[in-house]
Every structure is written in structure tokens, then in C-alpha cells.
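mind folding the following:
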Amino acid sequence: MADDAVLRVPPPHEIIIVPPPEHEDRHALLQQCIQVRIAVFVTEQGFPLEVEVDEHDPTATHFLLRLLPSLEPIGTIRAHKVESAGGSYYKLARLVVLKEYRHYKFGRNLVLALHNWAKVHARNSGVTDYVKMVCHSQAVRADSAGAVGFYRKFGYEEQGDLFDEDGEPHQKMVARLSLEE
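So this is what the prediction gives:
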């Protein structure tokens with residue numbers, strides 16, 4: 001059986017949560033996350049370098065996907081909690097996997113890891129029903145045409161009209177993750 005999908009066994013890997021700001025390893029691991037983001041968003045997709053690192057990076061929770069045993073960084077995602085008049089939510093952002101590893105569906109693993117973290121964080125904050133997740137999905141790019149569809153697989157739904165973010169059309173997407181599971 002020479003089915004291409006059968007041959008796509010992912011290499012050994014791990015997803016770690018970058019430690020909080022006061023931890024001694026945070027800076028080095030956060031830099032690895034940022035370098036992977038620069039490789040994808042700036043070098044591959046052409047977004048400006050000056051918008052890639054922002055005010056949320058120092059305090060956001062970052063997840064780093066690494067190969068084992070080399071610890072080579074190949075993907076990342078981050079989240080931060082937003083408090084607003086309409087209630088709090090977690091903002092999923094900066095999901096990337098290096099191009100040569102995308103066929104292993106590591107993006108799915110990163111989103112699920114972030115969702116699990118958000119659920120635990122929400123429960124620990126006293127939330128009992130659901131956790132609201134928001135992301136701004138790239139809407140129309142030759143290299144990410146499936147981003148909106150990708151997030152739909154996790155229960156995200158489009159909200160509002162397309163808008164410009166960093167010179168590209170994006171779609172706000174919202175999911176409500178049950179805490180009853």
C-alpha cells in the first residue's frame with residue numbers, strides 16, 4: 001500500500017509551554033518562537049518585520065513545537081487573555097509551522113494544546129461554562145487560502161466583515177469551548 005497519507009508519520013516532537021516572564025529560560029525559548037514566526041510571516045509570506053513582534057509577546061503564553069531529540073523549533077502559537085466590556089476571551093494568535101513540516105498537521109496539535117491550556121486557565125479563574133476564543137484568520141492568500149476553513153474545524157465561526165490587518169485581509173473568528181467535558 002503506497003498511499004501517501006500512510007507515509008506521513010510525524011517525526012518525534014514535543015510541544016512545550018514557554019515559561020512565564022520571571023523564568024530564566026523564557027528569553028531563549030521566546031526567541032525561538034519569534035524566529036519561527038519571522039521565517040514564516042516575514043520571509044515566506046512577506047509581512048513587515050516591524051509588526052511581527054508586538055506588545056503582547058512579553059506577557060502572552062507561547063507554545064513551542066520542537067523536533068526531538070534535536071530541539072529544533074518548527075512551530076509556535078500564542079494566546080493572551082483579553083478583558084473587555086463584553087466579557088473576557090482568549091486571543092489565539094501567531095500560529096505558524098515551518099513549510100516543510102505542515103503536511104504532518106502540527107498546526108492542529110498546536111491549536112489543541114492552546115485550547116487545553118485556555119480551558120485549564122479559565123477553570124482556574126472560576127469560569128464554569130465555556131471559554132471564548134477569538135482569532136484573526138488570514139482570509140485570502142495564495143499560501144493560506146485554507147486558514148478560515150482550518151479554524152472552522154475547531155468550532156470557530158466567522159464574525160463580522162473582512163478587515164485589514166498588516167496589509168492583508170483577515171476574518172475575525174470566534175469559538176466557545178465547553179468546560180463541561
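
hey, let's count contacts and neighbours off CA atoms from now on
Noted.

mind listing what's buried in the lengthiest helix in the chain?
If you go by DSSP state H, the chain has its longest helix at helix 106-124. Residues of helix 106-124 classed as buried by neighbour count (16 or more other C-alpha atoms under 10 Å): 106-108, 110-111, 113-115, 117-119, 122.

try stretch 14-29
15, 17-19, 26-27, 29.

can you check stretch 69-81 too?
Result for stretch 69-81 [16+ other C-alpha under 10 Å]: buried residues 73-81.

which one of the buried residues of helix 106-124 is nearest residue 62?
The nearest member of the buried residues of helix 106-124 to residue 62, counting by C-alpha to C-alpha, is residue 114 at 8.8 Å.

pLDDT weak spots in this structure?
For the chain, applying pLDDT under 70 flags the ranges 1-7, 140-146, 181.

strands of that one, start to end?
For the chain, the strands defined by DSSP state E occupy 13-17, 61-67, 73-84, 87-97, 130-138, 157-158, 163-165, 168-178.

among those, which is nearest residue 46?
For residue 46, the closest of the strands of the chain is strand 168-178, at 10.4 Å, according to C-alpha to C-alpha.

what angle do that closest one and strand 87-97 make?
Relative orientation of strand 168-178 versus strand 87-97 (axes from the mean of the first three to the mean of the last three C-alpha atoms, to 10 degrees): 120 degrees.

ok, and what's touching strand 168-178?
Strand 168-178 is contacted from outside by 115, 119, 129-140, 148, 151, 154-164, using C-alpha atoms under 8 Å, 6 or more residues apart in numbering.

over to stretch 62-71?
By C-alpha under 8 Å, 6+ apart, stretch 62-71 touches 11-18, 29-30, 32-33, 72-79, 110, 114.

so what's the gap between that stretch and the chain middle?
15 Å (C-alpha atoms, centre = their mean, to the nearest Å).

buried residues, that stretch. List them.
Residues 62-67 are the ones in stretch 62-71 that count as buried (16+ other C-alpha under 10 Å).
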